[in-house]
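S.K.: Give me coordinates for this.
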Amino acid sequence: MTDTKNNTSKLAKVSAAAFTAALASNYDATDLSAAIIAIDFNPGLVAWTSSSTLRSVNMSANGGAIGGFNQWNDSVGKTLAFDSSKMKSWRSASNGEILNQATFAGDTGSWSNSTSATGVAYQAFRLLNDDIGWFAWDLGGIQGAVTYGPGQFENNDESLTVGGSGSSGSSGSSGGSGAVPEPAHISLSLLALGALGLRRRRAKKKETA
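M.R.: So this is what the prediction gives:
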């Protein structure tokens, strides 16, 4: 009976160690393969002014700068102004559109809307390092502030969907849910541990009988 207990205990320890290693391996692989990253905007909101003003909007991810652009305000409307020091090109985009490196084409023009423009518009871009991405901007309605976000970019030559959720990122409003599906090998490890517990309970019953 003692040998049975020792063997069961050893097997449980080995399976628990294997489960921990598998879990760690899964999350390491998830971190390494994450290619679509959420964007933070600073400022995230730019108020409209009737006098001519130019505001710089910076984009960052995980605490590091990745690019940016400008917003020009005047009595005519709200305009996105290109900044060649912070990105290579951009263009308007549609919600649900698929972006990828091979097909992306943009320009360096400005995108203007009236002071009364409302709703959400999308902009696709190529950064200086050739990563591509998108961001949303809420036009704010009559003389309202423009709000930026969410947004994403890819850093591993991946396709991404405009308006879609990401796999990682520092901003909750910009990123996806971050949920990681449980892989099959971890599920099997959990089943193995459950089976071991059942064996131990049966062994205790025999011992007391």
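
S.K.: Pop the domain breakdown of the protein in here.
M.R.: The chain breaks down into these domains under automatic domain parsing: 2-34+180-208, 37-161.

S.K.: end-to-end on stretch 150-164?
M.R.: Using Cα to Cα, to the nearest Å, the end-to-end distance of stretch 150-164 comes to 9 Å.

S.K.: I meant to write stretch 78-88 there.
M.R.: From its first residue to its last, stretch 78-88 covers 22 Å (Cα to Cα).

S.K.: With stretch 47-66 instead?
M.R.: 23 Å.

S.K.: again, but for stretch 90-109
M.R.: OK, stretch 90-109 end separation, Cα to Cα: 8 Å.

S.K.: Also stretch 96-105?
M.R.: Start-to-end span of stretch 96-105 (Cα to Cα) is 17 Å.

S.K.: Could you check it and say which residues are buried?
M.R.: For stretch 96-105, burial by neighbour count (16 or more other Cβ atoms under 10 Å) applies to 99, 104. Quick note: C-beta positions are derived from backbone N, CA and C, even for glycine.

S.K.: Check stretch 129-144 too.
M.R.: Going by neighbour count (16+ other Cβ under 10 Å), the buried part of stretch 129-144 is 131-140, 144.

S.K.: which of these lies closest to S50?
M.R.: When the buried residues of stretch 129-144 are ranked by distance to S50 (Cβ to Cβ), G144 comes first, at 12.9 Å.

S.K.: For that closest one, which non-adjacent residue is closest in space?
M.R.: In space, and not counting its chain neighbours, G144 is closest to W48: 6.4 Å by Cβ to Cβ, 6 or more residues apart in numbering.

S.K.: Also Y148?
M.R.: Closest residue to Y148 apart from its sequence neighbours, by Cβ to Cβ, 6+ apart: F41 at 4.1 Å.

S.K.: can you pull the contacts of that neighbour?
M.R.: Neighbour list for F41: 57-59, 135, 148-149, 151 [criterion: Cβ atoms under 8 Å, 6 or more residues apart in numbering].

S.K.: Please report how far it lies from N70.
M.R.: Remark: distance between F41 and N70 (Cβ to Cβ, to the nearest Å) = 13 Å.

S.K.: Now do the shared contacts for those two.
M.R.: Residues touching both F41 and N70 (Cβ under 8 Å, 6+ apart) are V57.

S.K.: correct me, but N95 touches Y122?
M.R.: Yes - using Cβ atoms under 8 Å, N95 is in contact with Y122, at 5.9 Å.

S.K.: Looking only at neighbour counts, state which of the two leads.
M.R.: Neighbours were counted for N95 and for Y122 using other Cβ atoms under 10 Å; Y122 has more, 18 against 13.

S.K.: Sheet partners, orientation included, of the helix or strand harbouring the more buried one?
M.R.: Element membership for Y122, per DSSP states H and E: strand 120-126. As defined by DSSP bridges, the strand partners of strand 120-126 come to strand 89-93 (antiparallel), strand 132-138 (antiparallel).
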